[in-house]
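Enquirer: any chance you could fold what I've pasted below:
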Amino acid sequence: MRLSLIGMSGAGKSYWAKRMQSQGYRSIICDNLIAEQLGPLISSSEKSTLGLAAWMGKPDQPGYKEAQAKYLELETKVVTQICDELEQSSESDDKVIIDTTGSLIYLEPQLIKRIKKLSFLVYLRLEENSSQSHYQIFIDDPKPVIWGKHYSPEPGENPEASLRRCYPELLSFRDQDTNA
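Expert: Sure, this is the predicted structure:
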């Protein structure tokens, strides 16, 4: 069985991918493949999500929009390669677990349909009313996060306050979009 884990960063995709790997599933970790594509742009001494998060930065930092666009470009490339590999595989019941990124929903609808056709999507939802605790995890254990249009600082608002205020809106958008 082919499974693709989807959900917001911090929802437990990597945790469950490791658990499934211990049960004999071959694990494909999208963030690692994206990190490989970026090569020397990220620190090789850090685990890939930390290196990716440091490279991408936060939406209030210079270069974030460009890094966000590059990340989505590489994510599209990686997911396309995964789909190509799954289509070329002779066994449709491979034991494969795909640890997608938290930003899969930003990819082209045709690509999402393609991975959905090739694997069973498992949506890992964040707990209700947990946006503040997940925000703290975002600060303490950074992951690359695509904010899209969901970071909108108000005049005179400091970046920390903007991030804290906008994070629940981002979570709400991601949850609604996944339910569509």
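Enquirer: pull the longest helix from this structure.
Expert: helix 64-88 (DSSP state H).
Enquirer: mind listing what's buried in that helix?
Expert: For helix 64-88, a neighbour-count test (16 or more other Cβ atoms under 10 Å) marks 67-68, 70-72, 74-75, 78-79, 82-83, 86 as buried. Just so you know, the C-beta spots here come from the backbone N, C-alpha and C atoms, and that holds for glycine as well.
Enquirer: list of residues touching the worst-scoring helix or strand of the chain on mean pLDDT?
Expert: Least confident helix or strand of the chain, by mean pLDDT, DSSP states H and E, is helix 131-140 with a mean of 76. Under the contact criterion Cβ atoms under 8 Å, 6 or more residues apart in numbering, helix 131-140 has outside partners 8-10, 126, 145, 163-164, 167-168, 171.
Enquirer: 10 Å instead, please
Expert: 8-11, 53, 58, 126-127, 130, 143, 145, 160, 163-172 (Cβ atoms under 10 Å, 6 or more residues apart in numbering).
Enquirer: what about those, which are in helices?
Expert: 53, 160, 163-172.
Enquirer: need the max-distance pair from those residues.
Expert: Across the ones in helices among the contacts of helix 131-140, no pair lies farther apart than 53 and 172, at 21.8 Å, counting by Cβ to Cβ.
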